[in-house]
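Novice: Structural data only, the sequence is not supplied:
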């Protein structure tokens, strides 16, 4: 299991310090979220780091082999939701999951969504990411028979009120099997999905 | 054209008084909205009145022959939205429109919605009515090529905040050709749809 | 799998009608949520029904043998949250899960919460239910290594704003592995938990 | 019919790429909304583009001949609402409509509004655009006998709460035949108005 | 000057007690606001009281001769706003003002409003009362050259949010010379208008 | 009477153009509000202009002799409210009123407020300006016997929510004779106060 | 120290059960808050109980001798705040404090407040309780040199939004030494004040 | 006792002026809050000043010997809350209190919190500082037997709504003995805690 560093509000120097300690403790894989490009560049001068600019995610030590129950589908309503989706997808991958990306399949174009029915039906967990009216969670929740983690995004303007519109929508989903994380919280959704995808019998 | 009386906050006696004046003025058709069953009973003892309990609508003088450009489809996400839908449908019918009702076709069951694709594609105007996450407006807006009037309803609980969730959703619809009326405003949607369905060249 | 009927806004007669159809179709188990005591009594005169007054849940056909991966723990912050908790617990049981109830273990009494560490650590899924400040989700999320479904309740007064306080709290949980359903949505949490507890490899 | 590109959040390079594909597919007319001046300049170095700085709209391929049922009137309460109005007007023109602009006719100066009664009465559709108290929609809705699309704007300060005040006002319009789009959504209003102005009999 | 008793939350017995003390102190005129019909009946069995059921106002000692600078116009957008208007009008009359009532002159029917231009232009102070979109304050504020006190009312439903819509509208009025009191606060408006209508030189 | 130009959203060139027209029409006095220092400098190179940087107000043609009924007191709760207060005071002065400034007399230091009782009691109109808890309006409203115009300001942080706290406070003032204008609307308060201070008998 | 039972949502039978257990454990003093009159009557038939109807508080075992550092002053802005004040005062008394009640000393009548300056200055802790604009906390906070616990109440209407107005006011108090509890939470304020009034050196 | 200057909105020159006057009046200790680094540098060129960059606090004249009843514990949920915590701690120290800092002891890691049980139990007053879900106040309130001052912080994103989430949480704390100050108001909490920690018998 990789360690996770929440990069927001930390200086590159602080992050390098944490990485040093982790390395000493034998931790070979680290996921850093909410990491700016500038901070990533500074860190990369000291530690080997794969930086994903869209997702603002840095990964040290590469991605592990997937070892979950099945596949995690990460779906977005639009293209503007992709940064949050990539944060979710990379988190899930870093935690040992196979991820299928279905981007720009919002309900205003149902044919696009439905053309991916096979991926949706074969998923073990689905992360549904959308801003504006956030309808994707309900549409996917109605189609799929697996747990759906909904992520509202702050994409939109005016009466989207920085993600409030999508958040309320998703909380009120009329489909069963949908739960919700904070606005723009791609990491939280990826982590939760990975937990679910690694369920096993406890004795 | 029928006259319209907004029944909320008016006593049956006041409504009877208005009806008397209208009748004297030769008005043979009247639509009364937000009319309680008790008030309707009192009025019905004086004037002939068709009362629709679900919609809380009373109609005096019967429904006219439809004379609009095409058909108005009234669709709802769930069965609890039907009272608002009936207010919209009866308003449209009283104003001279053919109405097709598609109830309980919410996005959590896309197959049901899609099985009515023909009605949707042949509509001149669609009224999309939904509470909770209000996703129906976007789904229909994406399918149809005609104007869509969205009506959020106060159906739901908790974070639906009495219709706020559906209202914000519909205002943020990512589909083009969707506009919104007040929460539970079936009459307003029916009236607007009828105006659109009676468009004609002005000289 | 039992069928589910959302009882709110349906008359006892409508529910009996649905039950008749279900029975004809060979469905022997039905879960009815948001069912008033009066409606339950009417239904019970026609169909055999176990009614749980606290949870406002009726169950027809008894509870099945648990067949999930592990145990679902249902925990509440206070005693006033128990009706929502029972809705969640009975839903999970009706869907084939073993349920452990931990009631009144809110963070204002950490010793009580910690005295149940064993149940928490051996859970496969935890449903954390709390009103007011909703802190239980974070406390449990920090202790447990399994998925946590958080349910805000409308318990409280003043600045709890009918559950908004607990809802925001839970969405902002600083613990990983927590997702949230609508205010008072015990059913949704129980359903989601059951989906997770029945994860299996898809081919 | 022109294609539409929503420019917000897209790089000039991405837009040029989309335009290239559209051109290859034989699309000669394209409308680009929410386009910054800098992006427009970059695009204009590759594709012929009319850029309207106020409206932040770029049009490729010129405006078509109007072929709607009648005229669309675009009215604003103040001069600060003009950018949104121009987005609406140019959208409507690009979609084949004759547009009449009535700017700065807010209800605080009723004489100005009433001096344009003729334009209002001869309109087929009216787009009423206002910030602050958003009263224009009701005033015009009361005068006109055609559909009115209301657009709240984020113009104002303090208790206008970035357009919330105008949005609520317009949703509560006491005039019939008014529906509302998102705050500052000039494009949405222009598109909806064009749909209405091109109504025709379906067989 | 009459004394004023705010009746809400006081028992008839408490009010009678206060009236007894006032009478002993030689106070012959008293205005009681927010007084229920039942309480008024109890009080009327002890003290002579004119009760105005619409306004929920009781007046002891009759109305004084008007002695203000000019006339106060009380205008409402609709008929449902009349109870608040009567509270304002009776307050102003009890405080020695001549009051002109202009009811149901909302902006959705500008012709009605404009047919009363003479009363509006000859007013010394105007109280503009409206629910829903609250546009009356701006329309009157634009026409009149005297101070306008705006009173939002809780009339409406859905997105009127119990008067919030009208309140925000009125605070954002684009007309100069408009200030606002609390939702449904007819008394406050009448009192403020009377203060203004009794302005005099201080030495 | 001076003309008023609302400077926000206008370029210096536009303002100079308006001033040119006004001058041609014989208007010698102009008040410009919400005017930035840079814009003022540009305008001052063409027209003689007194610029008040704190208030962001420019005055052309000097201040007239006061000719109102009495004095207008402009009071603030703190020193951070002074910019809004100066906008109010200069507006009132430009409209022909004598203004007394009482700054930093908030309720957390009642002795300071009470030491100015004489100015308060001799005022014809008072403008009470405060951010944060906005209590000044009630305290002054309770002391004074003249109309009080309350101006909430956006001064504060956290739960002041950009002036919402002070706005709600002032609308709920338990003192009679208080009405409220928009957040930070010094001009509106000064204009309203001047209208009141120039009340005269109409025939 | 008395035990405390939060009565809301508990049946009289449940409370009697708890009281029985407490008595068996030798607890002679119990405070029951949020207790309805009906429930109190049922309990009083089994246990000796002093019931305070205004405060909805029941006390078993009488009040102890005060043993705090000094006096706790409980002050209210109006008479409608008294029920909350009595809950606070009785809680403090039950916990061993001397309480001074100063009711109806709101800022709209500063003379009343100032006539009690001696009580205010000699207090060890002050509980300031007010609805509507909640200004009392700041006024008292500015006068006193001891800790002030502010309690917003839900007294008011319209823009008081069930206590939100007073809550925000009190959180934004410009006086130092003020902290706030939940709306209508008289118990919480009394408990906190008692803790403070019983401060002692720990070793 | 040191004097306190609220630095926000004051120029370095204004602050130097105030310091000059204070020094002349014999005030040797001054605490300046909300002071930017640049302003501090300018002031430090004139007056000796200890500047704490994290807390944005400047102290002139050094810290006094602690002379309170006991120790004040300042605890935070996370590391991002430290700036607010330092403002609280330095305020308390400047006012003569011994302060114990417990940083990053949030409820998502109960073991860390519980490992500091001794410090918590031996505190005289505790300041609990947290953003996001604000659960720390309840957890500490349940453990401690001393007054707890809760400070919500604006740390977080999305549904934390700039501190609203933590604020509501803390107001709804189910633990007794907790009161709340404004979002990010470290100074207010430190001041209140110091008042409590200096309680003494008044005669």
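Specialist: Received, thanks. These numbers were taken from a predicted model, which means no experiment stands behind them. Residues are numbered from 1 along each chain as shown, chains lettered A, B, ... in the order given.
Novice: Let me see the backbone angles for the spatially most central residue of chain A.
Specialist: Central residue of chain A (CA atoms, centre = their mean): residue A:88, 1.0 Å from the mean position. When read as degrees, to the nearest 10, the backbone of residue A:88 gives phi -70, psi -50.
Novice: For the closest residue to chain D within chain A, give me the pLDDT.
Specialist: Residue nearest to chain D within chain A: residue A:158 (3.0 Å; CB to the nearest CB). C-beta coordinates here come from the backbone N, C-alpha and C atoms, glycine included. Residue A:158 carries a pLDDT value of 96.
Novice: repeat for the one 5 residues further on
Specialist: Here the pLDDT value assigned to residue A:163 is 96.
Novice: who touches residue A:37 in this structure?
Specialist: Residues in contact with residue A:37 (CB atoms under 8 Å, 6 or more residues apart in numbering or on different chains) are A:51, A:53, A:56.
Novice: Now with 6 Å, please.
Specialist: Counting by CB atoms under 6 Å, 6 or more residues apart in numbering or on different chains, residue A:37 makes contact with residue A:53.
Novice: now do residue A:112
Specialist: residue A:105.
Novice: next structured bit after the host helix or strand of it?
Specialist: Here residue A:112 sits within helix A:110-114, counting by DSSP states H and E. Using DSSP H and E, the helix or strand that follows helix A:110-114 towards the C-terminus is helix A:117-121.
Novice: Identify all contacting residues around that next one.
Specialist: So helix A:117-121 is contacted by A:73, A:100, A:143-144 (CB under 6 Å, 6+ apart).
Novice: What is the burial count for the residue of chain A at minimum distance from chain F?
Specialist: The nearest approach of chain A to chain F comes at residue A:161, 13.7 Å away (CB to the nearest CB). By other CB atoms under 10 Å in any protein chain shown, 20 other residues sit near residue A:161.
Novice: can you list the residues of chain A near chain C?
Specialist: Within reach of chain C by CB under 6 Å from any CB of the partner chain, chain A has these residues: A:69-70, A:122, A:147, A:149, A:171, A:176-177, A:179-182, A:191-192, A:195-196, A:199, A:201-202.
Novice: Out of these, name the ones that lie in strands.
Specialist: Judged by DSSP state E, the residues of chain A next to chain C include A:149, A:179-180 as members of strands.
Novice: Find the closest residue to chain C in chain A.
Specialist: Taking CB to the nearest CB, chain A has residue A:179 as its residue nearest chain C, at 3.8 Å.
Novice: How about residue A:59: what's its closest non-neighbour residue?
Specialist: Spatially, and ignoring its direct neighbours in sequence, residue A:59 is nearest to residue A:50 (4.6 Å; CB to CB, 6 or more residues apart in numbering or on different chains).
Novice: can you give me the strands for chain A?
Specialist: Counting by DSSP E, the strands of chain A are A:3-6, A:30-33, A:50-52, A:57-60, A:71-76, A:98-102, A:125-130, A:148-152, A:178-180.
Novice: Out of those, which gets nearest to residue E:10?
Specialist: strand A:178-180 (46.6 Å; CB to CB).
Novice: okay, now residue A:4: neighbour count?
Specialist: Neighbours of residue A:4 using other CB under 10 Å come to 17.
Novice: and the spatially closest residue to residue A:141 that is not a sequence neighbour, what does it touch?
Specialist: Spatially, and ignoring its direct neighbours in sequence, residue A:141 is nearest to residue A:175 (2.9 Å; CB to CB, 6+ apart). For residue A:175, the contact set (CB under 6 Å, 6+ apart) comprises A:138, A:141-142, B:108.
Novice: ok so, going back, please look at the residue nearest to residue A:59 and residue A:60 and confirm they touch.
Specialist: No: in this structure, residue A:50 is not within contact of residue A:60 by CB atoms under 6 Å, at 7.7 Å.
Novice: Show me which of these two is the more surrounded one.
Specialist: It is residue A:60, of residue A:50 and residue A:60, that has more neighbours when counted by other CB under 10 Å, with 23 against 14.
Novice: OK, contacts around that one?
Specialist: A:30, A:47, A:49.
Novice: Beta-bridge partners for it, please?
Specialist: residue A:30 (DSSP bridges).
Novice: That one and residue B:137, how far apart?
Specialist: With the distance defined as CB to CB, to the nearest Å, residue A:60 ends up 45 Å from residue B:137.
Novice: where does chain A come near chain H, residue by residue?
Specialist: Residues of chain A lying close to chain H (CB under 6 Å from any CB) are A:9, A:163, A:182-184.
Novice: any idea which of those is closest to chain H?
Specialist: Of those, the one sitting nearest to chain H (CB to the nearest CB) turns out to be residue A:183, at 3.0 Å.
Novice: unless I'm mixing things up, residue A:124 is touching residue A:197, no?
Specialist: Yes: contact criterion CB under 6 Å: residue A:124 and residue A:197 qualify, at 5.3 Å.
Novice: Which neighbours do these two have in common?
Specialist: In contact with both residue A:124 and residue A:197: residue A:69, using CB under 6 Å, 6+ apart.
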